[in-house]
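K.L.:
with the input below, show me the fold.
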Amino acid sequence: MNLHRYFLFFVLSIVLLSTNKAVAQQIDSTLVTRYQLADSYLRAGQYDRAITLLQDLYEESPATYAFFEKLKEAYENVKRYDEAIALVEDRIPRDANLVGLLSEKARLQFLMGDETIAYESWRKAIDVAPSQVNTYRIVYQSLSNVRLFEKSVEVLEEARVTLNDQEQFQVDLAWLYSLVGEYAKSMQEYVGILAKNDRQLSYVRSRLGRFVEQENVLDEGIPVVEEAVRLDPLNRSFRELLGWLYLENRQFDDAFDVYRAIDRLEQEEGNVLFTFAQQAADAGAYEVSAKAFDEVLDRYPNSPAAPEAQLGLARMHEKHAEDMAERAFDDSGNRISAPNYEAALDNYRIFLQEYPSHAAYPEVLQHIGRLQQEVFYALGDAESTLKEVIDKFPASMAFQEANFDMGRIAVLRDELPKARLIFSRVEEELRIGELAERARFELALIHFYQGEFDAALTLTQVMNENTSTDIANDAIELKVLLFENKGPDSLNVPLNLYADASLAARQRLHNKALSTLDSLMLQYGNHPLMDDARFLKASTLREIGRTEEALAAFLEFPLIHPESFFVDRSLFTAAQIYDYELGQEDLAIETYSRLLNEYSGSLLASKARERIRILRGDGI
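P.N.:
Residues are numbered from 1 along each chain as shown. Model prediction:
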């Protein structure tokens, strides 16, 4: 007997056993089998056959609720509402649940189109037991079942008056008010829920989370919670709800004030402020985030949150720099101001100075070395910093990261044999994990740079294709490049040229990279490599500050290579240039939106959507 059949048998058995003894003695042993057959007909869409069987079953045992319910369901499936209503009326004299049956009758009448009669039946259902809470619950659920949400609200509001209890149905009304667009009333109910039990905050936020992006929800709801805080300033749940709503509405300064108050009133010693600072940084509200981190450091210097705030401040500045595509050198290679990267570096160094015994010390030291390498191109300083990690912290997680970064420095210095040795050592010692995969990919790249394409392909094929990681996506990209462009000639001239250009671009030999790419595109204009070459050229132009040329190249890329692997990335990069480098917000929004419209399945879609939301300052 399969699970479904067993369940039917179990339910029906309970129903049969619950009937009175005289009726139970009259039930034929074949009823369960016939009921199961009727149910199988219903599931197969053979409604007429099911109805015939169920009518016979109900006639033989009208007291069996399962037969009644299934026959009513079958009638409803084929819109034989008049027969379903007659069935309910037949049931009324023998069933104590008069409110439920009248409500069901009303629902069926509404579905049949008799709205006036249906409302009369729902009214009769209420009048059966108007002093009982369950009466109103049954009726409103029946109304909601046919999406009569405004009528449902009326019933529950009537219940509060009749029962003289304004706290009844708070959860139900909070939800219903949201459905009918009465957001201020909805918020009042949620505030009432918190007033009775502040542990319901997570529940309230989860329910509100389904509506906060709709128009007017925050504008109407926030004043309600502000008033609740004013009337009961010591209720933490009210303040936390208000802070969350401010964050959702991107009112970061107001949210800062709320979380600062919570931190002080609840003596959290900076922990609440620290969490807010991270949330603000994640949302791109860097100025407010910095204020929150600074407040933790100034007000609670001895708190456990202080070192985390110092580290958070450094990471916030770094993220800000990345979002702005900040550079430390101009297109001529001259050092220029990079205020956010410099602030990040300063704050990382302050962390090392203030918290030398912190568990994150070696990780921060290694990260400084990476910034020196990747942003400030100070390879000598980076090497000294990374050697300190390697020499002093051999048991730390940062140890192998530092070794890996030393390999990357060797690549930048064109010391490929040395780099290969370092990456091989990291890969052999770790074998598994993200860093091992990154080392494996670097080995594949070295083979690629040196024209050893079969070896590079072999390494990419054994890598873990977990597309949730950037390194896996890079490996897939390289594998596709090699599959599509290796051969057929044994010299692989176009691919070798592209490999040379890729290495030159990585080593910041930009003129060499551009010259090689131009030569490749001139000599092999119809080669499948052209989309890779054109994307790399656009990226190199952006890297050296030739912004207008880069923007034009990225924008025309989808027109020239509409089927390319890089097509969504080209649009996203163009939007970033408008966004961060040119400050043309309208064009940035337009280009991000184009990405969403034309390439909705892109892995970059969520980032584009978030940037649009930030730029517009709304909740799309």
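K.L.:
drop to CA atoms for contacts and neighbour counts, all remaining ones
P.N.:
Fine.
K.L.:
tell me how many other residues surround the closest residue to D500 other than its chain neighbours.
P.N.:
In space, D500 comes closest to Y449 once its chain neighbours are excluded; the distance is 6.3 Å by CA to CA, 6 or more residues apart in numbering. For Y449, the neighbour count with other CA atoms under 10 Å is 22.
K.L.:
repeat for K479
P.N.:
19.
K.L.:
tell me how far it lies from K486.
P.N.:
Note on K479: its distance to K486, by CA to CA, to the nearest Å, is 10 Å.
K.L.:
and S606, by the same measure?
P.N.:
For S606, the distance to K486 - CA to CA - is 34 Å.
K.L.:
so between these two, which is more surrounded?
P.N.:
Neighbour count, other CA under 10 Å: between S606 and K486, K486 has more, with 19 against 13.
K.L.:
what residues are up against that one?
P.N.:
Contact analysis of K486 by CA atoms under 8 Å, 6 or more residues apart in numbering lists F453, N492, L495.
K.L.:
number of residues surrounding the second one?
P.N.:
Meaning N492. The burial count for N492: 14, using other CA under 10 Å.
K.L.:
now do the buried residues in the top helix by length along the chain.
P.N.:
Selection of the longest helix in the chain by residue count, based on DSSP state H, yields helix 305-323. In terms of neighbour count (16 or more other CA atoms under 10 Å), helix 305-323 has its buried residues at 305-321.
K.L.:
ignoring the adjacent residues along the chain, who's closest to L53?
P.N.:
Once flanking residues are discounted, L53 sits nearest to A38: 6.0 Å by CA to CA, 6+ apart.
K.L.:
mind listing what's buried along the host helix or strand of the one you found?
P.N.:
Using DSSP states H and E, A38 sits in helix 31-43. Neighbour-count burial for helix 31-43, counted by 16+ other CA under 10 Å, picks out L31, V32, R34, Y35, Q36, L37, A38, D39, Y41, L42.
K.L.:
which neighbouring elements make contact with that helix?
P.N.:
Helix 31-43 sits against helix 3-18, helix 47-60, helix 65-77, with contacts defined as 3 or more CA pairs under 8 Å, 6 or more residues apart in numbering; DSSP states H and E.
K.L.:
just the CA trace of the helix or strand harbouring E429, in CSV.
P.N.:
Using DSSP H and E, E429 maps to helix 416-430. C-alpha atoms of helix 416-430 as CSV (Å, rounded to 0.1, in the frame of the first residue of the first chain):
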residue,chain,number,x,y,z
LEU,A,416,57.5,32.4,-13.9
PRO,A,417,59.6,29.4,-12.8
LYS,A,418,59.8,30.7,-9.3
ALA,A,419,56.1,31.4,-9.3
ARG,A,420,55.4,27.9,-10.5
LEU,A,421,57.4,26.4,-7.7
ILE,A,422,55.6,28.5,-5.0
PHE,A,423,52.1,27.7,-6.3
SER,A,424,53.0,24.0,-6.6
ARG,A,425,54.1,23.9,-3.0
VAL,A,426,50.9,25.6,-1.8
GLU,A,427,48.8,23.2,-3.9
GLU,A,428,50.6,20.1,-2.7
GLU,A,429,50.4,21.1,1.0
LEU,A,430,46.7,22.0,0.9
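K.L.:
helices or strands up against it?
P.N.:
helix 398-412, helix 434-449.
K.L.:
let's have these in CSV, adding distance to T573.
P.N.:
Output for the helices and strands packed on helix 416-430, formatted as CSV (distance: least, CA to CA, whole Å):
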stretch, distance to T573
helix 398-412, 25
helix 434-449, 24
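K.L.:
mind putting the ones you listed into TSV with distance to Y81 and mean pLDDT?
P.N.:
Output for the helices and strands packed on helix 416-430, formatted as TSV (distance: least, CA to CA, whole Å; pLDDT from 0 to 100):
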stretch	distance to Y81	mean pLDDT
helix 398-412	71	97
helix 434-449	62	95
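K.L.:
good, we can wrap up now.
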